[in-house]
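Trainee: Sequence first, then the predicted structure:
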2 protein chains.
Amino acid sequence: MTADVISIDQVEHPGFRSVTAETGQPDGAEFPVHGAADVAAACAAAEAAFDDYRATDRESRAAFLDRIADEVLAIGDDLIVAAMRESGLPRARLEGERGRTVGQLRMFANVVRSGAWLGLRIDPAQPERQPLPRPDLRLRMIPLGPVAVFGASNFPLAFSTAGGDTASALAAGCPVVVKGHPAHPQTGTLVADAIRRAVTACGLPEGVFSHLVGPGNELGAALVKDPRIAAVGFTGSRGGGLALLALAQARPVPIPVYAEMSSINPVLLLPEALKARGAALGAAYVGSLTMGAGQFCTNPGLVLAIDGDGLDDFVSAATGTISGADSQVMLTTGIHAAYEKGIAALAGNARVETLGRGQEGNGCTRGQAALFQTTAQAFLADKALGHEVFGASSIIVRCRDEAELRTVIAGLEGQLTATLHMDDADVAVAGRLLPLLERKVGRILANGWPTGVEVCHAMVHGGPFPATSDARTTSVGSLAIDRFLRPVSYQNLAPALLPAELRDDAQGDGAPRLVDGALTVN
Amino acid sequence: MTADVISIDQVEHPGFRSVTAETGQPDGAEFPVHGAADVAAACAAAEAAFDDYRATDRESRAAFLDRIADEVLAIGDDLIVAAMRESGLPRARLEGERGRTVGQLRMFANVVRSGAWLGLRIDPAQPERQPLPRPDLRLRMIPLGPVAVFGASNFPLAFSTAGGDTASALAAGCPVVVKGHPAHPQTGTLVADAIRRAVTACGLPEGVFSHLVGPGNELGAALVKDPRIAAVGFTGSRGGGLALLALAQARPVPIPVYAEMSSINPVLLLPEALKARGAALGAAYVGSLTMGAGQFCTNPGLVLAIDGDGLDDFVSAATGTISGADSQVMLTTGIHAAYEKGIAALAGNARVETLGRGQEGNGCTRGQAALFQTTAQAFLADKALGHEVFGASSIIVRCRDEAELRTVIAGLEGQLTATLHMDDADVAVAGRLLPLLERKVGRILANGWPTGVEVCHAMVHGGPFPATSDARTTSVGSLAIDRFLRPVSYQNLAPALLPAELRDDAQGDGAPRLVDGALTVN
């Protein structure tokens, strides 16, 4: 998301009522504004619950995640209706997002069952070794401790209260304290209540999950500074993510922050693909750009192409398509205002040509799509052209040749994704670009669009700074569980004291083990 | 290591000659003082070498690591003689350390061959899936980029030029720029030349490895700030590690710092073990404490015991043993001075009783062992008693009961290790303490001593802050390779463009793969 959007949770309304996205009016239910005492209570409860929760066996913890999924579904249509009102997103999108959220919880349940996340390693003793015997050493991953999760504005379900950060932290054995996004307190509270019902049903301590809401930045800051919090998950603006990172690093005991922040997701149009289907690509591009009012972290905000056959067709098809694009309700008045400001800056930039706009919006939060064009020289000369404008805005950069294209890519900040549109005859140029792209992004895709992030094992939704604050991880997919774990080694411990999964008699429980360096699965 | 020892590389001599540890005199060979231009050249060469080096196949990269081991051995006795003079450590210790260094390189060669570090994951396409088809997604870990490694004073071989950080970074596919410790420039240069011979013999680009030396802090700071450096490995003082961490976090693009800094390694004497063999434990404790002049990160600087049978025996045996302990040459005059200062502070602290001292030292860098005792109440009241004094100094803390012992443990900073001395009848109390200890340390060992860190797969030489700057990792053992890797995902890429290890026809190459969530090894 963009740097200029609302910082963490800045909402301009006095009091704290749920806002209807389409009207920008705080006409929904009223919610308590949680403060320092609530943060302290939630963190104390999380800390108190931690040892019991992390001691749950794999099946119990998996059953808890499955139960959360069941309880979220059991809310029924009230959840979809609330999320539609608060986010302005359409029903089909939110029903799909609910499916994704539930599927994500069930995937993490199966990840927990697999035991692979335990990272078990056993180096048996070698009492006869010379000159010194080798001790018995056994390693497992343990959870870091209570995790603070910040809900995102643009995915009120899948990246919020019971979203990927919460699911992966709970899967790792960490209690979670959610700081709900103030743009959807009603949606968040419905989901939080569902999680609490699952906690009760599974006989877990209450502190395993807490939900805090409020409109100001102080709440989130207090949460990150609480000494009982051991890690932070965040999806949102660059300004918000960097502020949380600075707070976490300034603590007496610094903690990891997994902030997914900012990306313009370059789309590369390679020559043969452009020649073969420039017009079709132009129309499809605008389809991806305008989906969900462009409010995706993986929105295609930048197109890079070498001037040549098909590029004019691409540009005119994109321009034609965008002129027919309906205006769409954006998530908040703040996001809409930041979008308008970003568009105005690009439109007023002498280096940039406005190719087209979508249909004008007539509501206070309706975003009007925007398409721009510039040259590689201009793009290289003005860093501001590479900043994210969160919403349905994108810029096409025309490069003279492959060398100039490489220079533009090399100058990009870290990104979540890079997309190649290519034909078989483009393989050589794509192969030359790949090593450069690998250093810039977390996911490289061909002949598709970066929006649509599959929840699976091989997904990386992450990337070099400032796409995220920690490129060594992902916030989507099963690998996300690793963010909340750290290794502990046990040397010559009596079997009675070893964690169950590290005892000799635990082999065969399905968890993979590295025994003396050899991987065994049984 | 301690907070008060020389910061990163502060040596008081004008010019830059190798110093003889025993005399503190700069009477060895002269070495160039590298500056900003050398840093820039080394980083440019590392960056230029990166893409070729990371593209090496597993066997070639493993052969390179094996060749480094061969070349280090081929230096012969000159290396041991130089290290003895520069470090003051005895021959047997340095010969053992060379064996460990070479063994570590060969272990990482085998880790590279195994392919497990690639973290391969494949989620095949599901074109028929409803409502949307699933794309083909494939993930592998790639190296972060050029790594800066800071050599440690106390392991001139195993944690320095060709030590664990260098070996694991090279294994991951990262070029390495070593900032050699100024206490052993001759040793470091001999090893660096050996690595360069391996680079040449293996036909790799020169920039894969560079070695910089110099006495000031500016050199290391310039290295960490260089935009081409992607990660930092450091073993040394808390002050030095925190300074590098701050520099790394303040960069326009922050980078991970793996700093192993400070630990006093609590040793817990459980009641039944103490009753059964208090005197024997006391003598063995001093043996571990005084080994290598106490200059180990895992030195037992803190003993925790509940007052009861056997504790007096332990204390009097330890006191008797230490009084006979020879003085030993310490690594540098700076480290010796910091040690003396730390001892004087403890000896002059009204809350602390000096139990005994070792034999007086008559050289300018000879350290005299020191043993102190205090109560849990006093230890809890004065945080300074929990700070590391780098060298053969340790403090015994008498607790009234298990509750007070728990309070002391809960108040400790993060540590590398915790040691339990226990009998079968201590299992219950040990079991109650384990969850608390797991949250404080990286390694828990029973009935041994924390010095002696096995290089293997299940080792964790790491732990919560400030033992290290990143508890999610280890700096010893095969897991250390993960510090220098990050995941990249490939979506719908043509086989011709996929990395070889992610192609369908690569299955069977011995690397484990997670295919659709199921682990396969073949």
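Mentor: Received, thanks.
Trainee: Please identify the buried residues of stretch A:389-400?
Mentor: Across stretch A:389-400, burial judged by 16 or more other C-beta atoms under 10 Å in any protein chain shown covers A:389-399. All C-beta spots, glycine's among them, are computed from the backbone N, C-alpha and C.
Trainee: Around chain B, pick out the residues from the stretch 151-300 of chain A.
Mentor: A:249, A:253-254, A:256 (C-beta under 8 Å from any C-beta of the partner chain).
Trainee: on that earlier part again, output the buried residues of stretch A:389-400 in a markdown table; the columns should cover pLDDT.
Mentor: Shown next, in a markdown table, are the buried residues of stretch A:389-400 (pLDDT from 0 to 100):
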| residue | pLDDT |
| --- | --- |
| A:Val389 | 95 |
| A:Phe390 | 96 |
| A:Gly391 | 97 |
| A:Ala392 | 97 |
| A:Ser393 | 97 |
| A:Ser394 | 98 |
| A:Ile395 | 98 |
| A:Ile396 | 98 |
| A:Val397 | 98 |
| A:Arg398 | 98 |
| A:Cys399 | 98 |
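Trainee: Neighbour-wise, which one of the residues of the stretch 151-300 of chain A next to chain B leads?
Mentor: A:Pro256 (23 neighbours; other C-beta atoms under 10 Å in any protein chain shown).
Trainee: my read: that residue touches A:Ile229, true?
Mentor: No. Using C-beta atoms under 8 Å, A:Pro256 makes no contact with A:Ile229, being 10.7 Å away.
Trainee: re the thing from before, what's the closest of the residues of the stretch 151-300 of chain A next to chain B to B:Pro205?
Mentor: For those, the minimum distance to B:Pro205 (C-beta to C-beta) is 33.8 Å, reached by A:Pro256.
Trainee: With adjacent residues omitted, what lies nearest to the closest one?
Mentor: Spatially, and ignoring its direct neighbours in sequence, A:Pro256 is nearest to A:Ala231 (4.9 Å; C-beta to C-beta, 6 or more residues apart in numbering or on different chains).
Trainee: quick one, what contacts whichever residue of the stretch 201-350 of chain A sits closest to chain B?
Mentor: Nearest to chain B, among the residues of the stretch 201-350 of chain A, is A:Val253, at 5.0 Å (C-beta to the nearest C-beta). Residues in contact with A:Val253 (C-beta atoms under 8 Å, 6 or more residues apart in numbering or on different chains) are A:227, B:414, B:464-466.
Trainee: So which of the residues you listed is the closest to B:Pro182?
Mentor: Nearest member of the contacts of A:Val253 to B:Pro182, counting by C-beta to C-beta, is B:Pro466, at 23.5 Å.
Trainee: Isn't the closest one up against B:Gly414?
Mentor: Yes. Counting by C-beta under 8 Å, B:Pro466 does reach B:Gly414; the two are 6.1 Å apart.
Trainee: all helices of the stretch 301-450 of chain A, in order?
Mentor: Using DSSP state H, counting those that start in this stretch, the helices of the stretch 301-450 of chain A run over A:311-323, A:333-347, A:376-381, A:402-411, A:427-438.
Trainee: Out of these, flag the one nearest B:Glu47.
Mentor: helix A:402-411 (11.4 Å).
Trainee: can you tell if that closest one touches chain B?
Mentor: No. Against chain B, helix A:402-411 shows no contacts by C-beta under 8 Å from any C-beta, the least distance being 11.4 Å.
Trainee: Can I get that helix in PDB, CA atoms only?
Mentor: Extracted as PDB, the C-alpha positions of helix A:402-411 are listed here (Å, rounded to 0.1, in the frame of the first residue of the first chain):
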ATOM      1  CA  GLU A 402      16.700  -3.600 -23.400                       C
ATOM      2  CA  ALA A 403      19.700  -1.700 -21.800                       C
ATOM      3  CA  GLU A 404      17.400   1.100 -20.800                       C
ATOM      4  CA  LEU A 405      14.800  -1.300 -19.500                       C
ATOM      5  CA  ARG A 406      17.500  -2.900 -17.300                       C
ATOM      6  CA  THR A 407      18.500   0.500 -16.000                       C
ATOM      7  CA  VAL A 408      14.900   1.200 -15.000                       C
ATOM      8  CA  ILE A 409      14.500  -2.200 -13.300                       C
ATOM      9  CA  ALA A 410      17.800  -1.800 -11.500                       C
ATOM     10  CA  GLY A 411      16.700   1.600 -10.100                       C
END
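Trainee: what's the spacing between that helix and its chain's center?
Mentor: Put simply, helix A:402-411 sits 27 Å off its chain's centre (C-alpha atoms, centre = their mean, to the nearest Å).
Trainee: Could you tell me the angle between that helix and helix A:427-438?
Mentor: With axes from the mean of the first three to the mean of the last three C-alpha atoms, to 10 degrees defining the directions, helix A:402-411 sits at 20 degrees from helix A:427-438.
Trainee: can you tell me the residue of the stretch 301-450 of chain A closest to chain B?
Mentor: Using C-beta to the nearest C-beta, the closest approach of the stretch 301-450 of chain A to chain B is made by A:Leu445 at 3.6 Å.
Trainee: Around that residue, how many other residues sit close by?
Mentor: 25.
Trainee: In this structure it contacts A:His421, no?
Mentor: No. Assessed by C-beta under 8 Å, A:Leu445 is found out of contact with A:His421, at 9.9 Å.
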